[in-house]
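# Got a predicted structure here, sequence first:
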Amino acid sequence: MPLHNADIAALFEEIADLLELGDENPFRIRAYRNAARVVGGLSLDLAAKLAEGAELPKLPGIGADLGGKIREIATTGSCKLLEKLRGRFPAGITELLALPGVGPKRVRALHEAHIDSLEDLRRAARAGKLPALPGFGEKTAQRITDAAQAQLGTTRRFKLAVAAQYAEPLAKYLDGVLAGSYRRMKDTVGDLDFLVVSDEPEKAIARFVKYPEVREVLAQGTTRSSVRLASGIQADLRVVPRQSYGAALHYFTGSKAHNIEVRKLGQARGLKVNEYGVWRGERRIAGETEESVYAAVGLPYIEPELREAQGELEAARRGELPRLLELADLRGDLHAHTSASDGRNSVREMALAAKAAGLQYLAITEHSRRLAMARGLDPRRIEKQMAEIDALSAELRGITVLKGIEVDILEDGSLDLPDSILQKLDLAVGAVHGKFNFPRARQTERLLAALDNPHISILAHPTGRLIGEREAYELDMLAVMRKAKRRGVALELNAHPDRLDLNDVHCRMAKDEGVLVAIGSDAHGVDGFGVLRYGVGQARRGWLEKKDVLNARPLAELRRWLARPARPSIDVARGLS
DNA sequence: GCCGTTTTCGGCCCGACTGTTTTCAGTCG
C-alpha cells in the first residue's frame, strides 16, 4: 500500500499534535505543521518519485531532517519519531485536540485525570468531574461537554456552493464583504468570514448577532464576534475602520500560511503587518487597500485564489504571477445534458440558456447506453439527436451547438460506443461511471487505454470524486496527464460544486505538464451554467490562465483543435515513457 | 526543525476573546 502525499501530511500532523501534547518547542511543532501543508498541497507524488530512485525535490521549510522523515514514511509507512510519540500517549488522545476550546494544555489536564478519549470525556462529563480540573471551571466544562456530545471534533466543512447560500445573504445583511477560504474559492469552507467597515463596531456586531439565522453566539467582543448559524456553519465577523480595510481584508482572507509569509517579508523591511495596517514603528504606512499592503512589502497584488503559500510570493517577487483566467474568458461549455438522457430541458432550451449565460458554443454530451439509469443513448438515438441539432443550427443565431457525447469508459478501457458513431460527432467526452474501486494500477491502465481511442477529446471528471461523499478513485494522475498530453486530450475540470474535479492541485499539475483543461458545467438544466464560476474559481486556484483552458478558445480555434489529425489510433509514443 | 542581501546561531507573525489564573493563560483565526 503506497503512501501518498496526503498520508504523509496526515502523519506529520499527528507528530505535530503529539509534540504539542508533549509541550515541545513550538517552532519545531510549526515546522511539522508547515511540512504537512507543503507535502499535502504538492501535485508531485513523492512516494512514487522516491520509488523511482529520484532525489527528493527541494521543498520550502523541509530540510535534511524532515526530508529524511518523508523518505522514511514513504518507504516504511511510518517513522521512528512517530512510533516513539505514539508510545508516550494513549491511542486516540489527539481526537480531543479537535474539540473547540480544547488545546494541548487542557488535553494534558484531561490526561492527568485519565481522560484519554472522547468516550472518556463524555463519561467524565456525565459524572460532573470536568469543572474541578485545573484550568476548566463551569463554563469551559460545559462548552467542551456540548462539543463532545455534538461530535464537533469531526470537522465539518461545507461545499463552496452550499456555503454560498448562507454567505451571500448574510454579507448583504451586514453590508460587508466575504473573506476567508470562501474568497479564496476553496472547494469546501469550514466557516464564513465577514468584514465590515464601520466607526461604530458595537453597532455592527449587535446587528450581526441579531441576524435571524443565528442559533448561538459563540463570542462577542468590541471588534469581532463569532456565531453559529441554524445551518450549523460558523460565521465570524470583524469590524474595522476605513483606513484599515485593505489590511483587514488581507488578514481575514488568509490563508494563514500566506499571511505569515507576508508578515515575515514586512519584518525583513522593519515593518509590522497586522490587520490594522502596515506599520513602521507607530506610523501606519499602508493598509487602506490590499494593493497598498502588498506594495509596502515590495510585491504586486496577489489574487486571493493564489494565497496558499504555494510559491505565489516568490512568483510575485519575480514578476511571474499568472494572469488568471476569468469567468468572462469562457467562450463555451463542452459538457451538458438534455432531457434525451438525464437532463431536464430540450436542446433548444439549453442552447438558449447557454447563449443567455454569455457563451458562444455549447456541446451537448448525453450519457451513453451503458448508463441505463440515466437513459444513456445508443447509436440510433445519437443519430436522431444529431439530426435535431442540425435542424436547430439552421435557425439558431448567436450560439453554436456542438454534437457530443459523454461516453462511458468501460472496465477494460474501451468505450461504450463504436468508432463508427464516435467519428460522426464533433467531440467525445470520456467518463468513468462505475468500478470506482479498482486498484490503482488497474484503474490507471483503464484510463490510459481509453486515451488510446482516437476519438476521445476530453477526459471528464478525471478522479470521480464527489466532495464529502466519495473519495477520488486510486489513480496515477501523473501517468494519465502525460498520456493525455501525448494523445492531445484535454482533462476536464467539472465545475459542478459536488465534483470540482480536477481539483486545484491537479489543475496546477496539468498546467505544469502542459495539458489543456476544459471547464465543463455538466449542466442538466437551463439553470446549470451558473456553476461555471466555481469551476473558474478552482482553475484560478490552480494558476490557470486563459491559454491553459480549452473552452476559453474561440469556436474556430476549438474546431481546429477538435479536427486536427494528430490522434493516431496507435500510440507511437508508447514504450518511450 | 528551518533558515540566512542583518545571521550557520538565534531568531521564528500578530492580535482578539473568554474565563478564571488577580495580571494572564489558553485558544483561535
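That came through fine.

# on contacts alone, who are the packing partners of the lengthiest helix in chain A?
Ranked by residue count under DSSP state H, the longest helix found in chain A is helix A:5-21. With contacts defined as 3 or more Cβ pairs under 8 Å, 6 or more residues apart in numbering; DSSP states H and E, the packing partners of helix A:5-21 are helix A:26-40, helix A:46-51, helix A:64-76, helix A:80-88, helix A:94-97, helix A:104-112. Every residue, glycine included, has its C-beta placed from N, CA and C.

# contacting residues around it?
Outside of helix A:5-21, the residues that reach it under the criterion Cβ atoms under 8 Å, 6 or more residues apart in numbering are A:28-30, A:32-33, A:35-37, A:39-40, A:42, A:44-47, A:69-70, A:73-74, A:78-79, A:81-82, A:85-86, A:88-89, A:93-94, A:97, A:103-104, A:107-108, A:111.

# Which of these are buried? Put it as a ChimeraX command.
Typed into ChimeraX, the line below selects the buried ones among the contacts of helix A:5-21, using 16 or more other Cβ atoms under 10 Å:
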select /A:29,32,33,35,36,37,39,40,42,45,46,47,69,70,73,74,79,81,82,85,86,89,93,94,97,104,107,108,111
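
# which of the contacts of helix A:5-21 are close to DNA strand B?
Checking these against DNA strand B by Cβ under 7 Å from any atom of the strand, the ones in range are A:28, A:30, A:32, A:81, A:103, A:104, A:107.

# Where does chain A get nearest to DNA strand B, which residue?
Nearest residue of chain A to DNA strand B (Cβ to the nearest atom of the strand) works out as residue A:137 at 1.7 Å.

# Can you give me every residue that contacts the residue nearest to that residue when sequence neighbours are not counted?
The shortest distance from residue A:137 to any non-neighbouring residue, by Cβ to Cβ, 6 or more residues apart in numbering, is to residue A:131 (6.0 Å). By Cβ under 8 Å, 6+ apart, the contact set of residue A:131 is A:137, A:138, A:140, A:141.

# so residue A:131, which of the three states?
Here residue A:131 is helix, with the state taken from DSSP: H, G, I helix; E, B strand; the rest coil.

# cool, residue A:219 as well?
strand.

# isn't it right next to residue A:234, touching?
No - using Cβ atoms under 8 Å, residue A:219 makes no contact with residue A:234, being 10.3 Å away.

# Any residues of the stretch 101-250 of chain A in contact with DNA strand B? List them.
Listed as neighbours of DNA strand B in the stretch 101-250 of chain A under the rule Cβ under 7 Å from any atom of the strand: A:101-107, A:131, A:134-141, A:143, A:180, A:191, A:193, A:219-226, A:234, A:236.

# Buried ones among those?
Using 16+ other Cβ under 10 Å as the burial test, those include A:102, A:104, A:106-107, A:136, A:140-141, A:143, A:180, A:191, A:193, A:223-226, A:234, A:236 as buried.

# Keep only those of the residues you listed that are in helices.
In helices, judged by DSSP H, the following of these are found: A:104, A:106, A:107, A:140, A:141, A:143, A:180.

# Which of those sits closest to residue A:257?
Using Cβ to Cβ, residue A:180 comes nearest to residue A:257 of these, at 13.7 Å.

# gap between the closest residue to the closest one other than its chain neighbours and residue A:229?
When the adjacent residues along the chain are set aside, residue A:180 lies closest to residue A:193, with 3.2 Å between them (Cβ to Cβ, 6+ apart). Residue A:193 sits 13 Å away from residue A:229 when distances are taken as Cβ to Cβ, to the nearest Å.

# Residues that sit against both of the two, list them.
Overlap of the contact sets of residue A:193 and residue A:229 (by Cβ under 8 Å, 6+ apart) consists of residue A:235.

# which ones are touching the residue nearest to residue A:180?
If you count contacts by Cβ under 8 Å, 6+ apart, residue A:193 has them with A:178, A:179, A:180, A:181, A:182, A:183, A:235, A:236, A:238, A:252, A:253.

# same thing but at 10 Å, please
The neighbours of residue A:193, taking Cβ atoms under 10 Å, 6 or more residues apart in numbering as the test, are A:167, A:176-183, A:226, A:234-238, A:249, A:251-254.

# Which entries within those meet the buried criterion?
Neighbour counting with 16+ other Cβ under 10 Å marks A:167, A:176-183, A:226, A:234-238, A:249, A:251-254 as buried within those.

# Counting only strands, which of those make the cut?
Within these, membership in strands is found for A:177, A:178, A:226, A:234, A:235, A:236, A:237, A:238, as judged by DSSP state E.

# Format those as TSV; extra columns: pLDDT.
Conversion of those to TSV gives the following (pLDDT from 0 to 100):
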residue	pLDDT
A:177	95
A:178	96
A:226	93
A:234	91
A:235	94
A:236	95
A:237	95
A:238	94
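
# ok, of those residues, which one's closest to residue A:378?
The shortest approach to residue A:378 among those belongs to residue A:178, at 46.6 Å (Cβ to Cβ).

# surely that closest one meets residue A:253?
Yes - at 9.1 Å, residue A:178 and residue A:253 qualify as touching, with contact defined as Cβ atoms under 10 Å.

# overlap in contacts of these two?
A:193, A:195.

# for residue A:49, what are its contacts?
Contact criterion Cβ under 10 Å, 6+ apart gives A:42, A:55, A:56, A:57, A:74, A:478 as the residues in contact with residue A:49.

# same check, this time on residue A:430
When contacts are taken as Cβ under 10 Å, 6+ apart, residue A:430 is in contact with A:368, A:405-409, A:413, A:415-416, A:422, A:447, A:450-451, A:453, A:455-460, A:462, A:489, A:492.

# can we see that at 7 Å?
Contacts for residue A:430 (Cβ atoms under 7 Å, 6 or more residues apart in numbering) come out as A:407, A:409, A:415, A:450, A:456, A:459, A:460.

# Quickly list what the nearest residue to the last one once chain neighbours are set aside is bridged to.
Yep, that's residue A:460 we're talking about. Nearest residue to residue A:460, sequence neighbours excluded (Cβ to Cβ, 6+ apart): residue A:431, at 3.9 Å. For residue A:431, the beta-bridge partners are residue A:408 (DSSP bridges).
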